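Participant: requesting a structural model of the entry that follows:
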Amino acid sequence: MPVSEALTASEVGRGIFDLTNRRILITGASKGLGRALAVGLAGFGATVACVARSEEGLAETAALIKEAGGAPAVVRAVDLRDPRNVEETVEAVAAELGGLDVLVNNAADDHDSAIEDTDLETWQRVNDLNARSVWLLSKVAGRHLQAAGGHGKIINIASVLGTVGVRDNTAYVMSKHAVVGLTKALAIEWARKGVQVNALCPGFVVTEMTAHMHADEAGNRWVVRQTPMGRWGQTSDFVGSAVFLSSRASDFMTGQALYVDGGYTTQ
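Facilitator: Here you go, the predicted model:
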């Protein structure tokens, strides 16, 4: 079974965060956090495959990667809520990249309403993308990641709401708790198959998904007050953590939820 070899001093000196030749598939890469991670990881040498529904958004992300000097990105516009698309997408990306080293499960949806006002269709829509697609993408990508010489990685983008709750958001909170649970279970299952599985848990971040809350005076004030650092997160705040979790620097770390939240969950 593949295991990671210890890094030599010279390898550390050359940069244990170097992602050159790392092949990374990122979902939800057409905007927001997914776009920032795609551009950031490409900047550290990775070849990135960007997956999302929006062809226009993906083209913009690919252009930003090129502008920043990254390797040309692979783009695939697909709806991951449809299970039939998942296997086809993973296999096509792996074939085009010549394998797969890292899977970043970032695609997500949200819905704010009290449970009494949340219908089953809405709950299903949120959980099909936020939880089911993460499980299925991981399952399908597994054999490619296990072939990565002991350095295969899954990074599940969860949330602080994968640990704590807020009112009027049960579908999303439930889905992100599921992602953290999957991270821990799969980490144990694949620990001796050369794949490290970790979750990156953002706090409140300025993205299209949170634009309504950021623009609302009361909502904005609540986030700033509840976050010890006194501000919202920016998408650029998460690139360093994603680089760490994608690189050999995290080879002895698995099953962990890494909170990048301005201190929100310390309270």
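Participant: longest strand of the protein?
Facilitator: If you go by DSSP state E, the chain has its longest strand at strand 195-202.
Participant: which helices and strands does that strand pack with?
Facilitator: helix 133-146, strand 152-157, helix 170-190, helix 239-246, strand 257-260 (3 or more C-beta pairs under 8 Å, 6 or more residues apart in numbering; DSSP states H and E). (Glycine included, C-beta is placed from N, CA and C.)
Participant: what average pLDDT does it get?
Facilitator: Strand 195-202 shows a mean pLDDT of 98.
Participant: again with stretch 66-78
Facilitator: Taken as a whole, stretch 66-78 has a mean pLDDT of 97.
Participant: what about Asn130, how many residues close to it?
Facilitator: Neighbour count of Asn130, defined by other C-beta atoms under 10 Å: 25.
Participant: ok, now which ones touch it?
Facilitator: By C-beta atoms under 8 Å, 6 or more residues apart in numbering, the contact set of Asn130 is Ala108, Asp109, Tyr172, Ser175, Lys176, Ala178, Val179.
Participant: could you rerun that using 6 Å?
Facilitator: Asn130 is in contact with Ala108, Ser175, counting by C-beta atoms under 6 Å, 6 or more residues apart in numbering.
Participant: any idea how far it lies from Arg221?
Facilitator: Going from Asn130 to Arg221 by C-beta to C-beta, to the nearest Å gives 27 Å.
Participant: could you do Ser236 as well?
Facilitator: Using C-beta to C-beta, Ser236 is found at 23 Å from Arg221.
Participant: show me what the host helix or strand of Leu64 packs onto, helices and strands only.
Facilitator: Here Leu64 sits within helix 55-67, counting by DSSP states H and E. Under the contact criterion of 3 or more C-beta pairs under 6 Å, 6 or more residues apart in numbering; DSSP states H and E, helix 55-67 touches helix 32-43, strand 47-52, strand 74-77.
Participant: can I get those in CSV including mean neighbour count?
Facilitator: As requested, the helices and strands packed on helix 55-67 are exported to CSV (neighbours: other C-beta atoms under 10 Å):
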stretch, mean neighbour count
helix 32-43, 25
strand 47-52, 27
strand 74-77, 19
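Participant: which one of those lies closest to Glu121?
Facilitator: strand 47-52 (22.1 Å; C-beta to C-beta).
Participant: give me the number of neighbouring residues for Trp222.
Facilitator: Neighbourhood size, Trp222 [other C-beta under 10 Å]: 14.
Participant: what's the answer for Gly98, then?
Facilitator: Gly98, neighbours per other C-beta under 10 Å, totals 9.
Participant: next, the closest residue to Leu97 other than its chain neighbours: phi, psi?
Facilitator: Once flanking residues are discounted, Leu97 sits nearest to Arg23: 4.1 Å by C-beta to C-beta, 6 or more residues apart in numbering. The phi and psi values for Arg23, taken as degrees, to the nearest 10, are phi -110, psi 120.
Participant: next up, the contacts around Arg23.
Facilitator: Neighbouring residues of Arg23 by C-beta under 6 Å, 6+ apart: Thr47, Leu97, Gly99, Leu100, Asp101.
Participant: so what's the first one bridging to?
Facilitator: Thr47 has the following beta-bridge partners by DSSP bridges: Arg23.
Participant: quick revisit: make a markdown table out of the helices and strands packed on helix 55-67 and add distance to Leu58.
Facilitator: What follows is the helices and strands packed on helix 55-67, written out as a markdown table (distance: least, C-beta to C-beta, whole Å):
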| stretch | distance to Leu58 |
| --- | --- |
| helix 32-43 | 9 |
| strand 47-52 | 5 |
| strand 74-77 | 4 |
